[in-house]
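Student: How does the following fold in three dimensions:
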Amino acid sequence: MTGSRRRVPVLTARQHRSGTVLTGIVVLGLAAAWAAHHAVAASDWDSHASSRLTMVWLALFFVFMAQTLMYHFERPRRLTPRLVRQLDELHVSILVPAYNEDPGYLKLGLESFLRQTRLPDSVHIVDDGSTSSDYADVRAWWETAAPAAGVATTWQRVPNGGKRHAQAHAVRVSPEADIYITCDSDSCFAPNAVAEALAPFTRPRVQSVAGIVIATNNRVNLLARVTDLWFTTTQLVDRSGQSAVGAVMVNSGPLAAYRAGVIRDNLGSYLNETFMGRPVMFSDDSLLTLYAQQRGLTVQQPSAVVFTAMPEKWSHFSRMYLRWMRGSTIRSVWRMRYLSPARPAFWLHVLRWFQMFLVQMVTVWLLVVEPVAYRNLPPASMLWVPFLIGWAQGLRYLGIIRSDERIRSRAVTWLLMPLAIVLAWTALRWLRWYGIATCARTGWGTRQNGAEVSLAGAGSLKAAAPAPVAKLLDPYSEQTLEIASPRR
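Tutor: Sure thing, here's the model as predicted:
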């Protein structure tokens with residue numbers, strides 16, 4: 001790397017809490033309730049059908065308002081000087097598994113570790129048998145820069161065994177850690193991400209902390225914009241509500257912190273999880289969260305922000321989402337089996353499944369049963385309801401202020417909420433049910449033999465020349481298979 005290369009601007013982001021956003025949510029929620037009432041009143045349905053719909057809309061409205069109150073109860077943990085000193089005594093280790101990552105994204109993430117207001121004590125990178133690059137330039141730079149900043153580090157290259165095994169290699173060389181922070185190889189931490197992720201650990205019952213994940217490449221195309229809107233809103237609505245009662249269901253992989261015992265004490269079962277006799281190769285973050293739930297509270301720190309690369313092609317996104325749905329189904333079975341009913345997480349999990357089936361039944365009833373059996377077509381004004389609710393919840397998206405994007409650009413993304421809702425109710429709904437039905441297919445099934453996205457203008461880092469063999473990834477064992485290429 002040359003010293004004259006233009007430096008990549010530091011990515012920063014923060015959550016802005018505003019009474020205006022809360023007011024907007026309430027106003028749009030009331031508008032949704034009015035639209036639902038108007039739809040029922042304006043229709044020519046009989047009194048019995050109108051009565052049934054009125055009860056449904058009232059129930060959904062109260063659920064919406066309760067959810068709004070829950071996620072507004074979430075507050076970032078604030079620290080006194082004494083608590084800061086207490087956290088400074090903890091040894092914090094970051095685990096970085098890398099497989100065929102774009103070198104530019106990998107270096108961007110490693111640079112972000114060295115810009116932290118609270119530096120990690122150690123960073124452990126594991127190259128999981130990458131076939132696209134050996135990261136020689138990145139490794140040479142890192143092994144000089146990290147010690148110079150006072151950060152201990154290791155860099156291992158191991159045979160391909162999957163993300164969990166790569167993390168295990170990092171855990172084994174860091175027995176001194178009190179807190180493990182897991183991330184992806186394309187994670188870029190905001191400058192205060194480590195300090196903010198540590199803050200909730202001042203409460204002894206807290207076992208894990210989730211950060212807020214936003215897209216580095218959110219303006220590349222329409223899919224990336226909608227994905228960033230949908231994913232960020234989900235975190236600041238669903239997961240914030242769970243965090244208010246200490247029952248976050250899933251810590252996203254790009255930034256999550258755990259007490260070291262949560263990972264060390266469960267390493268054997270983590271590496272050897274099976275479902276219906278088959279090894280599970282995905283959903284590692286939700287399994288670690290389940291281990292944490294068994295020990296205490298799992299929370300989210302909305303002021304701990306990480307940037308990550310989102311899929312830019314539908315084929316990549318759909319495979320990622322299908323993997324999530326299969327993993328979610330398997331994890332639901334484990335929660336029912338291993339979580340105590342005394343924990344809020346157990347009942348939130350039950351409520352989520354009940355709500356999902358109820359919404360599905362109501363949708364089928366309104367769009368199929370009523371028109372076919374009773375010849376009652378739903379009024380067109382009813383279509384406004386999900387969009388108004390979506391825009392109301394999407395106002396949370398505008399509460400994330402980022403250094404690389406103006407608020408008007410984020411407002412344009414917010415206006416795309418109807419597209420995100422249509423996507424959620426069509427393609428994603430089908431993928432959800434297909435994932436539930438095929439949850440026994442536990443091979444990785446979505447990972448590409450190469451980076452899905454690349455960081456444009458990342459510098460002169462180049463992938464190593466391809467070896468004279470064909471390299472394929474077995475979707476079940478996750479082993480890299482090498483087959484000699486025939487000569488002409």
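Student: measure the residue nearest in space to the middle of the chain to residue 342 for me?
Tutor: Closest to where the C-alpha atoms of the chain average out (C-alpha atoms, centre = their mean) is residue 252, at 3.7 Å. Taking C-beta to C-beta, to the nearest Å as the measure, residue 252 falls 26 Å from residue 342. C-beta coordinates here come from the backbone N, C-alpha and C atoms, glycine included.
Student: for residue 170, same thing?
Tutor: 34 Å.
Student: go on, residue 375?
Tutor: 49 Å.
Student: And for residue 107?
Tutor: Counting by C-beta to C-beta - residue 107 and residue 342 are separated by 46 Å.
Student: These two: who's more crowded?
Tutor: The neighbour count for residue 107 versus residue 342, taken as other C-beta atoms under 10 Å, is higher for residue 107 (24 against 7).
Student: Is it correct that that one is in contact with residue 140?
Tutor: No: assessed by C-beta atoms under 8 Å, residue 107 is found out of contact with residue 140, at 11.1 Å.
Student: Output the below-cut-off pLDDT ranges for the stretch 351-488 of the chain.
Tutor: Residue ranges of the stretch 351-488 of the chain with pLDDT under 70: 378-382, 444-488.
Student: ignore the last one, the stretch 201-350 of the chain
Tutor: Applying pLDDT under 70 to the stretch 201-350 of the chain flags no residue at all.
Student: Show me where it has its helices.
Tutor: 222-234, 240-243, 260-264, 267-271, 284-295, 314-338, 344-364 (DSSP state H, counting those that start in this stretch).
Student: Report all helices and strands that the third one contacts.
Tutor: Right, helix 260-264. Applying 3 or more C-beta pairs under 8 Å, 6 or more residues apart in numbering; DSSP states H and E, we find helix 260-264 packed against helix 163-172, strand 179-182, helix 284-295.
Student: Ok, the last one next?
Tutor: In terms of contacts (3+ C-beta pairs under 8 Å, 6+ apart), helix 344-364 is packed against helix 314-338.
Student: For residue 98, list the residues it contacts.
Tutor: 106, 125, 126, 127, 128, 130, 135, 166, 185 (C-beta atoms under 8 Å, 6 or more residues apart in numbering).
Student: and if you look at residue 82?
Tutor: Residue 82 touches nothing, counting by C-beta under 8 Å, 6+ apart.
Student: how much space between it and residue 88?
Tutor: Distance of residue 82 to residue 88, computed by C-beta to C-beta: 11 Å.
Student: same check, this time on residue 264
Tutor: From residue 264 to residue 88 the distance is 22 Å (C-beta to C-beta).
Student: go on, residue 248?
Tutor: 25 Å.
Student: likewise residue 411?
Tutor: On the measure of C-beta to C-beta, residue 411 and residue 88 end up 39 Å apart.
Student: do residue 246 as well
Tutor: Note on residue 246: its distance to residue 88, by C-beta to C-beta, is 25 Å.
Student: For those two, indicate the residue with more neighbours.
Tutor: Taking neighbours as other C-beta under 10 Å, residue 246 and residue 88 compare with residue 246 leading, 20 against 12.
Student: related to what we said a few turns ago, list just the nearest of the contacts of residue 98 to residue 71.
Tutor: Checking these against residue 71 with C-beta to C-beta, the nearest one is residue 185 at 30.2 Å.
Student: Can you give me the neighbour number for the residue lying closest to residue 345 once chain neighbours are set aside?
Tutor: Once flanking residues are discounted, residue 345 sits nearest to residue 247: 3.8 Å by C-beta to C-beta, 6 or more residues apart in numbering. For residue 247, the neighbour count with other C-beta under 10 Å is 21.
Student: Return the residues in contact with residue 247.
Tutor: Going by C-beta under 8 Å, 6+ apart, residue 247 touches 293, 297, 298, 343, 344, 345, 348.
Student: How about it: which residues does it bridge to?
Tutor: Counting by DSSP bridges, residue 247 is bridged to residue 298.
Student: roughly how far apart are it and residue 101?
Tutor: For residue 247, the distance to residue 101 - C-beta to C-beta - is 32 Å.
Student: again, but for residue 164
Tutor: 17 Å.
Student: Kindly report the same for residue 364.
Tutor: 43 Å.
Student: More neighbours: which of these two?
Tutor: A count of neighbours by other C-beta under 10 Å puts residue 101 above the other of residue 364 and residue 101, at 29 against 11.
Student: If we ignore the residues flanking it in sequence, what's nearest that one?
Tutor: residue 185 (4.0 Å).
Student: The one you found and residue 109 touch, don't they?
Tutor: Yes: between residue 185 and residue 109 there is a contact at 6.7 Å, judged by C-beta under 8 Å.
Student: Common neighbours of the two, please.
Tutor: residue 96.
Student: how about the contacts of residue 247, which pair is most distant?
Tutor: Among these, 297 and 348 lie farthest apart (C-beta to C-beta), at 12.7 Å.
Student: Just want to know which of those two has more residues nearby.
Tutor: residue 297 (22 against 18).
Student: ok, the more buried one touching residue 246?
Tutor: Yes: Residue 297 lies in contact with residue 246 (C-beta under 8 Å); the separation is 3.4 Å.
Student: tell me, what's touching those two both at once?
Tutor: Joint contacts of residue 297 and residue 246 (C-beta under 8 Å, 6+ apart) are 205, 206.
Student: Would you mind measuring from residue 364 to residue 245?
Tutor: Separation of residue 364 from residue 245 (C-beta to C-beta): 31 Å.
Student: let me redo that: residue 393
Tutor: Taken as C-beta to C-beta, the span from residue 393 to residue 245 is 19 Å.
Student: Tell me which residues are up against stretch 343-362.
Tutor: 56, 63, 242, 245-247, 249, 293, 298, 332, 335-336, 339-341.
Student: Counting neighbours, which bits of that stretch end up buried?
Tutor: Of all the residues in stretch 343-362, those buried under the rule 16 or more other C-beta atoms under 10 Å are 343, 345, 346, 348, 349, 352, 362.
Student: One more: stretch 410-419?
Tutor: Here stretch 410-419 shows 410, 413, 414, 416, 417 as buried, counting by 16+ other C-beta under 10 Å.
Student: Just the C-alpha atoms of that stretch, please, in PDB.
Tutor: Taking C-alpha atoms only, stretch 410-419 is exported to PDB below (Å, rounded to 0.1, in the frame of the first residue of the first chain):
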ATOM      1  CA  ARG A 410     -32.400   8.800   4.200                       C
ATOM      2  CA  ALA A 411     -35.900  10.400   3.800                       C
ATOM      3  CA  VAL A 412     -36.000   9.100   0.200                       C
ATOM      4  CA  THR A 413     -35.200   5.600   1.500                       C
ATOM      5  CA  TRP A 414     -38.000   6.000   4.200                       C
ATOM      6  CA  LEU A 415     -40.500   6.800   1.500                       C
ATOM      7  CA  LEU A 416     -39.700   3.400   0.000                       C
ATOM      8  CA  MET A 417     -41.400   1.600   2.900                       C
ATOM      9  CA  PRO A 418     -44.400   0.500   0.800                       C
ATOM     10  CA  LEU A 419     -42.000  -1.400  -1.500                       C
END
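Student: Where do the strands of the chain begin and end?
Tutor: Using DSSP state E, the strands of the chain run over 13-15, 92-98, 122-127, 152-157, 179-182, 188-189, 206-215, 256-259, 274-275, 278-279, 297-308, 400-402, 469-473, 480-484.
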